[in-house]
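J.: below is the sequence, then the predicted model.
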Amino acid sequence: MNITILGSGFAALTAIKTLRKTAPAADITVISPAAEFVYLPGIIWIPAGLRHGRDLTINLRAFFKRKKVRHVAARVSDITDNGRTVKTDQGDIHNDGLIIASGGRFIKKLPGIEHVITPCEGIAAAEKIRDRLQAMEGGTIAIGFGGNPKEPSAMRGGPMFEFLFGIDTLLRRQGRRDQFDMVFFNPNEKPAKRLGDQVPDAVLDMMAKKNIRTHLGHKMLGFEANKVITEGGELAADLILFMPGMTGPAWSVDSAIEKSPGGLIKANEFCQVAGLEKTYVAGDAGSFPGPEWQAKQAHMADLQAVAAARNLVRDLNGLEGTQTFETFDHELVCIIDTLSHGVMIKRSVNKSLMLPPLRLMHYAKRFFEWFYLRQYR
């Protein structure tokens, strides 16, 4: 069987490992712009110098060789022929089965958004934050995130809390926190509610104790070079960090592939793409049925990728009927890092857990990074 995977992020790499276990003889082709993986969770430590770009960028050629994967350096433009043809800037690539793991993109429609830094765009953005902080002698730092109103799960708020608390800790270590005013803004009155009912109050209490102001419950209208503009007023700011909501990959915009109202690739509980055969999606690119608190994070991408890969192999082997297919667990796991401590949060369908800030959790997050990346180095 000839299987193609789009992307080289969390979901794509987990799909490769799962396919090699369930279909050892399969021919696997990966399409992505470069044979590399960027460990985005680690960029929160770049402003403080705990990490550099080279620490978080992994060349995947050795991993692909071990897993007998063919990599095609290309950019996808469409999927046609009921999923069997992937169109790229390097030509058409055909498959017997397809897994879409090409990630999503941020919605950059707010006026003046060119004046903000969007941290999760990658290493360059985190380095820009580092350099701006080093050059500043004082001022106001405004940090916030938005969402996709048509796709509640398509947001990435956790890293923004980490940049907020991490920068606060960094400035305190440098002995210059009193020279800065920090403000957190969000259109929701209770941000982080999807992490668990107890989380918003706990996070806001942490902000209050660290003398971080809040501007909550007001719709975002736009930005200027030194200003955040909302329906509830304006915030003067010398540095603005903002994470917009997410939508589907750029190539899908003009594609006939079925999309959710929020622009993500529509899938069912088995990760099957609506309207296409032997085509599955995992990670940020997909819109999945499930609880309203489901989020876009690496852990969920991994769970979806395992289900997508196993179900695709079943599909290719001719197993029919939902009884032979598997769903993925809805489970949110994260550590909100403050540069010195970490807040462990876990949520599933049946329960939620939040631990107070612990120094151990900061080092647990750093250990997990090392443990995770060693398999790809």
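T.: That came in fine, so what should we check first?

J.: which parts of the stretch 51-200 of the chain are strands?
T.: For the stretch 51-200 of the chain, applying DSSP state E, counting those that start in this stretch gives strands covering 57-59, 69-73, 76-80, 85-88, 91-94, 97-100, 105-106, 139-145, 180-186.

J.: and the first one, which strands flank it?
T.: Strand 57-59 has these partner strands in its sheet, going by DSSP bridges: strand 36-38 (antiparallel).

J.: next: the last one.
T.: For strand 180-186, the paired strands and their directions (DSSP bridges) are strand 139-145 (parallel), strand 212-216 (parallel).

J.: ditto for the third one
T.: Strand 76-80 pairs in its sheet with strand 85-88 (antiparallel), by DSSP bridges.

J.: just the CA atoms of the strand it pairs with, as CSV, please.
T.: Output of strand 85-88 as CSV, limited to C-alpha atoms (Å, rounded to 0.1, in the frame of the first residue of the first chain):
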residue,chain,number,x,y,z
THR,A,85,-4.0,12.9,-5.9
VAL,A,86,-2.1,15.5,-4.0
LYS,A,87,-1.2,18.5,-6.1
THR,A,88,2.0,20.3,-5.2
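
J.: just checking, next helix/strand downstream of the helix or strand containing Val306?
T.: Taking DSSP states H and E as the criterion, Val306 maps to helix 298-316. Later in the chain than helix 298-316, the nearest helix or strand by DSSP H and E is strand 331-337.

J.: that next one pairs with which strands?
T.: Looking at strand 331-337 with DSSP bridges, its partner strands are strand 342-348 (antiparallel).

J.: using PDB, write out the CA atom coordinates for the partner strand.
T.: Listed next in PDB are the C-alpha coordinates belonging to strand 342-348 (Å, rounded to 0.1, in the frame of the first residue of the first chain):
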ATOM      1  CA  GLY A 342       4.600  24.900  36.200                       C
ATOM      2  CA  VAL A 343       0.800  24.500  36.600                       C
ATOM      3  CA  MET A 344      -0.300  21.000  35.600                       C
ATOM      4  CA  ILE A 345      -3.700  20.700  34.000                       C
ATOM      5  CA  LYS A 346      -5.500  17.600  32.800                       C
ATOM      6  CA  ARG A 347      -9.000  17.300  31.500                       C
ATOM      7  CA  SER A 348     -11.000  14.400  30.100                       C
END
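
J.: mean neighbour count, the strands paired with strand 180-186: which tops it?
T.: Most buried of those by mean neighbour count (mean count of other Cβ atoms under 10 Å) is strand 139-145; its value is a mean of 23. Every residue, glycine included, has its C-beta placed from N, CA and C.

J.: can you redo the strands paired with strand 180-186 as CSV with distance to Ser287 and mean pLDDT?
T.: As requested, those are exported to CSV (distance: least, Cβ to Cβ, whole Å; pLDDT from 0 to 100):
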stretch, distance to Ser287, mean pLDDT
strand 139-145, 19, 97
strand 212-216, 27, 97
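
J.: how far away is the residue most central in space within the chain from Glu121?
T.: For the chain, Gln297 is the residue whose C-alpha lies nearest the centre (Cα atoms, centre = their mean; 4.8 Å). According to Cβ to Cβ, to the nearest Å, Gln297 and Glu121 sit 16 Å apart.

J.: kindly report the same for Gly232.
T.: From Gly232 to Glu121 the distance is 27 Å (Cβ to Cβ).

J.: which of the strands of the stretch 51-200 of the chain sits closest to Ala154?
T.: strand 105-106 (9.6 Å; Cβ to Cβ).

J.: residues making contact with the closest one?
T.: If you take Cβ atoms under 8 Å, 6 or more residues apart in numbering as the criterion, strand 105-106 is touched by Thr118, Cys120, Glu121, Met243, Pro244, Gly245, Met246, Thr247, Gly248, Pro249, Ala250.
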